[in-house]
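Peer 1: Pasting a predicted model and its sequence here:
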Amino acid sequence: MTAAQSAAFDNIALRYDALWSDTPVGRAQRSAVWSRIDPLFDKCDFVLDLGCGTGVDSLHLQSRGVSVLGVDASKRMIEIARERGIQAECCPIEHLERFNLKADGVVSNFGALNCLRSLTGTAGSLARIVRSGGYLALCFFNRICLWEIAFYLLRLQPGKALRRLKGYAESSIGATVFYPSARAISSAFEQNFRLLKSYGIGLFVPPSCVTFLKAGVVDKLASLDERTAHWPAFRAMADHRLYIFERL
């Protein structure tokens with residue numbers, strides 16, 4: 001992550017949960033991820049949370065008895081996570097070689113890895129850190145988001161509607177975001193990890209740019225996502241895609 005990207009997240013750290021985590025859409029998408037990662041880790045496992053942000057996912061894992069180390073490049077995000085009782089270190093994901101440790105698994109939620117231009121170096125670092133049989137649960141922004149395309153086309157903003165298709169774009173907070181294809185993601189990790197499953201996160205549930213839906217409507221859409229998240233065509237068009245890898 002570049003200094004500019006880190007600064008962008010520093011600037012929204014105090015508002016991040018209000019803008020995303022605490023919204024109906026944020027809660028629905030995060031719940032969908034948790035339902036898939038909870039079975040991966042047992043009580044007393046040690047897990048690395050990459051791009052931990054304010055520590056919401058770390059807190060959830062800790063509540064289940066999992067030991068967590070949060071890692072984020074944003075100093076202000078790390079400060080908030082620590083205030084919540086999370087053990088957390090400020091470090092860009094590209095520099096995981098600083099950590100001399102072994103983990104039972106790694107989680108990275110909601111696009112933290114989309115801040116990386118290349119995944120190859122990080123894949124190598126995670127292969128060193130994660131024990132054989134351990135898991136990666138990595139949630140990326142998809143290159144195609146059906147909701148986002150429709151939302152912005154209806155507002156006559158084709159540039160925003162199709163921005164992911166070129167592979168990178170500037171986000172609303174001013175950070176450059178990259179959108180690797182599913183094939184590029186699986187290829188980056190295939191040397192040391194086996195892809196077990198992938199799920200669409202947010203096909204019927206919209207992306208964060210859609211703010212007009214009431215919580216009850218989002219809950220109903222979330223139930224549709226739950227039933228269709230593993231369907232290949234559907235998961236390819238969701239806002240995010242969760243990849244579950246196993247260390248060889």
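Peer 2: Looks like it came in fine.

Peer 1: Where do the strands of the protein begin and end?
Peer 2: Applying DSSP state E to the chain gives strands spanning 46-50, 67-72, 88-90, 103-108, 130-141, 168-170, 176-178, 193-201, 240-247.

Peer 1: The first one pairs with which strands, parallel or anti?
Peer 2: Spelled out, that is strand 46-50. Paired with strand 46-50 in the same sheet, following DSSP bridges, are strand 67-72 (parallel), strand 103-108 (parallel).

Peer 1: Leu116: neighbour count?
Peer 2: For Leu116, the neighbour count with other CB atoms under 10 Å is 20. For every residue, glycine as well, the C-beta is placed using N, CA and C.

Peer 1: quick one: stretch 180-187 to chain centroid distance?
Peer 2: 15 Å (CA atoms, centre = their mean, to the nearest Å).

Peer 1: That stretch: which residues count as buried?
Peer 2: Buried residues in stretch 180-187, counted by 16 or more other CB atoms under 10 Å: 180, 182, 185-186.

Peer 1: Please enumerate residues in contact with it?
Peer 2: By CB atoms under 8 Å, 6 or more residues apart in numbering, the surrounding residues in contact with stretch 180-187 are 114, 119, 138, 140, 143, 167, 188, 195, 198, 236, 241, 243.

Peer 1: residues in contact with the closest residue to Val47 other than its chain neighbours?
Peer 2: Once flanking residues are discounted, Val47 sits nearest to Gly105: 4.9 Å by CB to CB, 6 or more residues apart in numbering. For Gly105, the contact set (CB under 8 Å, 6+ apart) comprises 40-41, 45, 47-48, 130, 134-137.

Peer 1: Repeat that for Asp49.
Peer 2: 55, 57-58, 61, 68-71, 106-109.

Peer 1: give me that answer again for 10 Å
Peer 2: Contact analysis of Asp49 by CB atoms under 10 Å, 6 or more residues apart in numbering lists 55-62, 66, 68-72, 81, 86-88, 105-109, 112.

Peer 1: from the buried residues of stretch 180-187, which two are the most distant?
Peer 2: Using CB to CB, the buried residues of stretch 180-187 span at most 9.7 Å, a distance reached by Pro180 and Ser186.

Peer 1: re earlier: against Thr54, how distant is the residue nearest to Val47?
Peer 2: 21 Å (CB to CB, to the nearest Å).

Peer 1: Name the nearest residue to Lys197, ignoring sequence neighbours.
Peer 2: Ile244 is the one closest to Lys197 (CB to CB, 6+ apart), at 4.7 Å.

Peer 1: Looking at this protein, which residue reaches furthest from the middle?
Peer 2: Within the chain, Leu156 marks the point farthest from the mean C-alpha position, 28.6 Å out by CA atoms, centre = their mean.

Peer 1: Lowest mean pLDDT among the helices and strands of this structure, which one is it?
Peer 2: When each helix and strand of the chain is scored by mean pLDDT, DSSP states H and E, helix 3-12 comes last, with a mean of 81.

Peer 1: Show me what that one is packed against.
Peer 2: Applying 3 or more CB pairs under 10 Å, 6 or more residues apart in numbering; DSSP states H and E, one finds that helix 3-12 contacts helix 75-83, strand 176-178.

Peer 1: how about stretch 74-89: buried residues?
Peer 2: In stretch 74-89, counting by 16+ other CB under 10 Å, buried: 74, 76-81, 86, 88.

Peer 1: so what's the residue lying closest to Trp231 once chain neighbours are set aside up against?
Peer 2: In space, and not counting its chain neighbours, Trp231 is closest to Gly200: 7.6 Å by CB to CB, 6+ apart. By CB under 10 Å, 6+ apart, Gly200 lies in contact with 32, 142, 146, 225, 228-242.

Peer 1: Please apply the same query to Ala4.
Peer 2: 174-176.

Peer 1: can you check Ala123 too?
Peer 2: 113, 136, 138, 185, 187-193, 245.
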